[in-house]
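Q: Need a 3D model of the sequence below.
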Amino acid sequence: MSEQETRVDDDYEKLKRRHLDVVNAELKEGEPHVLEGEGLSPSPGSEAPHILRDRIVQALRTVYDPEIPLNIYDLGLIYGIDVTDGGDVAVRMTLTAPACPVAGALVQEVHDKVRGTVGVRRAKTELVWDPPWTQERLSIEAQLELGLL
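A: Residues are numbered from 1 along each chain as shown. Modelled structure (predicted):
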């Protein structure tokens, strides 16, 4: 590797670390983090909660953990999805570790996916630490993908 390539790589790593510190500036290790907002495509009529929940699960399966090449739903990072008849949604999620370097960005991405799901009137996304995440939360699909089965 040339000296210039090494310098560029070092500069990139410094920039990346600085960016991650800014993303997580508002998150303190072990503290809950809550985002709330209006849905971007609320349904004019009432929709069955189970249909909306299925849509949300599909949207969350497009969000990937940056360190483990699996979606956050199959990783077991989603602890609960509560949907009311009126389209209000509350999501409880966690991370694989409290010191996750992209915690703020991942919670924001989940919140944006939920808010963007057709039929969501209002969304609340909460990052929780209790109970702590363990490998037992992995779906069968995730276990197969990681070679644990």
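Q: Tally up the residues packed near Gln143, please.
A: By other CB atoms under 10 Å, the residues close to Gln143 number 15. C-beta coordinates here come from the backbone N, C-alpha and C atoms, glycine included.
Q: Assign it to one of the three secondary structure states.
A: helix (DSSP: H, G, I helix; E, B strand; the rest coil).
Q: tally of neighbours for the closest residue to it other than its chain neighbours?
A: Leaving out its chain neighbours, the residue that sits closest to Gln143 by CB to CB, 6 or more residues apart in numbering is Leu149, at 4.6 Å. When neighbours are defined as other CB under 10 Å, Leu149 has 10 of them.
Q: what's the distance between Leu149 and Gly80?
A: From Leu149 over to Gly80 the distance is 25 Å, taken as CB to CB, to the nearest Å.
Q: Using the three-state scheme, assign Glu126.
A: Applying three-state DSSP: Glu126 is strand.
Q: Please give me every residue in contact with it.
A: 32-35, 90-93 (CB atoms under 8 Å, 6 or more residues apart in numbering).
Q: what bridges to it?
A: Val34, Arg92 (DSSP bridges).
Q: Begin at 31, not 1, for the rest of this chat.
A: Got it, the first residue is 31 from now on, which makes the last one we talked about Glu156.
Q: if I look at it, how far off is Gln88?
A: Taking CB to CB, one finds Glu156 at 21 Å from Gln88.
Q: Fine by me, we can end here.
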